[in-house]
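Undergrad: model this:
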Amino acid sequence: MTTDSSSTSSRSRAAADGISTFKGQERALRADRLGTGGLLLSVLAATAPLMVVAGVMPTTFAVMGIVGQPLLFVILGVVLVLFSLGYAEMSRHVHNAGAFYAYISRGLGGTAGAGAALVALVAYNALQVGIYGIFGFEVSGLLATYADLEVAWWIPALAAVLAVGALGWLKIDVNARVLGVLLVIEVLLVVVFDIAAVADPGTEGLSLHAFDPDTLTGAGVGTALCFCIAAFLGFEQAPVYAEETSKPHEVVPRVMFLAVTGVAVFFALSSWALTVATGPAGIIGASQEQSAGLLFFLTEDRLGGTFTDVLHVLFVTGMFAAMLSFHNVVARYAFAMGREGLLPAAFGRTTGTSGAPGTGSLLQTVIAAVLVLAFALTDDKPTGDPTAPVLHLFTWGGNVGALGVIVLMAIASLSVVVFFVRRGAAGAQGWRLATSALAGIALAVIAGYTVKDFDVLVGAGPDSSLSWLLPGIIGLALVAGLVQGAVLRARAPEKHARIGLGNEAFQLEKEAERTS
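TA: Numbering: from 1, shown residues only. Here you go, the predicted structure:
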């Protein structure tokens, strides 16, 4: 009786606070929080466009020696659009904050879903934590330049961990509005550079050589694909927020296609602008000389010191937006896993009137703090030095996370095919199944190259144990998840049957309790 009255009281409070949920109350995320604009900004924040243009692009030019990077962005854009056709269609049928593993569960079964869930949790944590290294170093540099303060990189990194953790408890639409403005300014300033580069090209003039297929030759192409696909990561997060949108079957697919096509065009044009500014023949040498300072070096010359200073500041805010975006995704995956018995039940409940997945947010904050502290304790270099711990935190975390997401996308492509075939919809969805199969093959090839060339991606020697230890983290997560799924199937088949069902599982559970 006490339970019934408490439940009624909880529902009354929810109604009074205006909390609308997709299905259910305390174990559902708050619905109607995000429209197309808010979701698009949340997704694009994870791509950190300025970080890609200033960091990923020069690194790819310098390390891989591939002039045709703009063409790679076009090719990857096509592959990811093909992937999105099936993935977006799945979002119309499955609304679950654990998008990847929910889709894989529906197609390939609960055991595969459990494996995918743990891979997703590890991968997005790695991506998020990795950015703290470069963020801390950049903020430390800004404080030294503009405030004459010598601050170790890990101090601003830990401050960011706490700030992101606090914001994780707030409404995601508020975060989207605040960071969305900065994101739009960030993109506009890069566009200003693109226009300036085209208006004032290097010695070779307005050359389209970077789009020539002949530039994609040599051993570095496969590894360059790994670098470039990491720049897209974020668009696949749209279905994670499906429960928090008013019309997920319309909003989620729309946001995914807008994000993929927008990112592909933006990055292709921006990387081309870099080749125009230096000249195609000079881009590799300039990138090797300037490294992550290439963009700022080029803007200083064309647009002046003030513009470059603003760009440095937005470089930091863009990274912060990416960290917050990945943090929110990790929290929602933890929420979905807790709701379905893959993590303790405490993770499967929302907190406060905002309906945010607070326990998952806290988990991610603790993981980030522990890892940043671990890298900080190994740092014995002078303040302001680009130390190994800083670079390792960024490159190791980023590449481990990217590998995990690529693997998930490849498996999800297969799951889409199986899902619709089992539902007897192979004929009606035939063209989507074909595009999913093509995308899955392409993504599997990229994953293979990523593992093969992992030593290059993280800057280790070919004989380094890191070349197998780091990608082994994703392999271990997959195996551990599969074992957990198999154990649940044998010992708790009712829990295993609910994997990937999300709120539907919650409703079934409530109905079972009512009739028992």
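
Undergrad: ok, Ala346 to Met337 distance?
TA: The gap separating Ala346 from Met337 is 11 Å, by CB to CB, to the nearest Å. All C-beta spots, glycine's among them, are computed from the backbone N, C-alpha and C.

Undergrad: what about Arg422, how many neighbours?
TA: Counted with other CB atoms under 10 Å, residues neighbouring Arg422 total 11.

Undergrad: the residue nearest to it when sequence neighbours are not counted: helix or strand, and which one exactly?
TA: Leaving aside its sequence neighbours, Arg422 sits nearest to Gly107 (CB to CB, 6 or more residues apart in numbering; 7.6 Å). Using DSSP states H and E, Gly107 sits in helix 99-108.

Undergrad: which outside residues touch that helix?
TA: Here helix 99-108 makes contact (CB atoms under 8 Å, 6 or more residues apart in numbering) with 87, 90-91, 93-94, 96, 112-114, 116-117, 119-120, 236-240, 242, 333, 336-337, 408-409, 411-412, 414-419, 422, 499-502.

Undergrad: out of the residues you listed, which are inside helices?
TA: Among these, the residues falling in helices (DSSP state H) are 87, 90-91, 93, 112-114, 116-117, 119-120, 333, 336-337, 408-409, 411-412, 414-419, 422.

Undergrad: if we can go back for a sec, what about the residue nearest to Arg422, distance to Leu414?
TA: From Gly107 to Leu414 the distance is 7 Å (CB to CB).

Undergrad: before we move on, what about Thr47?
TA: For Thr47, the distance to Leu414 equals 25 Å [CB to CB].

Undergrad: burial of the residue lying closest to Ala497 once chain neighbours are set aside, as a residue count?
TA: In this structure, Ala497 finds its nearest non-sequential neighbour in Gly110, 6.6 Å apart by CB to CB, 6+ apart. Gly110: 26 surrounding residues under other CB under 10 Å.

Undergrad: now swap in Pro156 and tell me
TA: Neighbours of Pro156 (other CB under 10 Å): 21.

Undergrad: try the one 4 residues further on
TA: Other residues within reach of Ala160, judged by other CB under 10 Å, total 22.

Undergrad: after the helix or strand where it lies comes which helix or strand?
TA: Counting by DSSP H and E, the element that carries Ala160 is helix 154-167. The helix or strand immediately downstream of helix 154-167 is helix 172-199, counting by DSSP H and E.

Undergrad: so what secondary structure elements neighbour that following helix?
TA: Judged by 3 or more CB pairs under 8 Å, 6 or more residues apart in numbering; DSSP states H and E, the packing partners of helix 172-199 are helix 36-47, helix 49-51, helix 248-278, helix 294-303, helix 305-339.

Undergrad: next one, pLDDT for the nearest residue to Gly115 once chain neighbours are set aside please.
TA: Using CB to CB, 6+ apart and skipping the chain neighbours, the partner closest in space to Gly115 is Gly481 (3.6 Å). The model reports Gly481 with a pLDDT of 95.

Undergrad: one more: Ala321?
TA: 84.

Undergrad: contacting residues around it?
TA: Contacts of Ala321 by CB under 8 Å, 6+ apart are Ala45, Ala46, Ala48, Leu179, Leu182, Leu183.

Undergrad: pick out the lowest-pLDDT one from the residues you listed.
TA: Leu179 (68).

Undergrad: report the rounded mean pLDDT for the host helix or strand of Ala434.
TA: Here Ala434, judged by DSSP H and E, is contained in helix 430-452. Mean pLDDT, computed over helix 430-452, is 91.

Undergrad: before we move on, back to that, wait, doesn't the residue nearest to Ala497 sit right on Ala492?
TA: No - in this structure Gly110 lies outside contact range of Ala492 using CB atoms under 8 Å: 10.7 Å.

Undergrad: how about the contacts made by the nearest residue to Leu393 once chain neighbours are set aside?
TA: Using CB to CB, 6+ apart and skipping residues adjacent in sequence, the residue nearest Leu393 is Gly133, 3.1 Å away. With contact set as CB under 8 Å, 6+ apart, Gly133 has these partners: Trp153, Ala157, Val372, Phe375, Pro389, Val390, Leu391, His392, Leu393, Phe394, Gly397.

Undergrad: so Phe232, which of the three states?
TA: coil (DSSP: H, G, I helix; E, B strand; the rest coil).

Undergrad: and it, how far is that from Glu340?
TA: Separation of Phe232 from Glu340 (CB to CB): 28 Å.

Undergrad: more crowded one of the two?
TA: Glu340 (29 against 24).

Undergrad: give me the pLDDT value at the more buried one.
TA: On the pLDDT scale, Glu340 is placed at 83.

Undergrad: now stretch 204-223, how far from the centre of its chain.
TA: 27 Å (CA atoms, centre = their mean, to the nearest Å).

Undergrad: gap between Val181 and Val187?
TA: Noted for Val181: a distance of 11 Å to Val187, by CB to CB.

Undergrad: quick one: which of those two has more around it?
TA: Ranked by neighbour count (other CB under 10 Å), Val181 and Val187 place Val187 first, with 19 against 12.

Undergrad: residue contacts, the more buried one?
TA: Val187 neighbours (CB under 8 Å, 6+ apart): Pro49, Phe266.

Undergrad: now with 7 Å?
TA: Pro49 (CB atoms under 7 Å, 6 or more residues apart in numbering).

Undergrad: show me the contact partners of stretch 144-156.
TA: Stretch 144-156 has contacts (CB under 7 Å, 6+ apart) with Gly136, Phe137, Val139, Ser140, Leu143, Val372, Ala376, Asp379, Thr383, Gly384, Val390.

Undergrad: top of these by neighbour count?
TA: Gly136 (29 neighbours).

Undergrad: chain neighbours aside, what residue packs nearest to that one?
TA: Ala157 (3.2 Å).

Undergrad: pull the number of nearby residues for the one you found.
TA: 28.

Undergrad: for the chain, give me the ranges with low pLDDT.
TA: Applying pLDDT under 70 to the chain picks out residues 1-35, 95-99, 170-179, 218-219, 240-248, 351-356, 382-387, 502-516.

Undergrad: am I right that Gly68 is in contact with Gly220?
TA: No - taking contacts as CB atoms under 7 Å, Gly68 lies outside contact range of Gly220: 10.5 Å.
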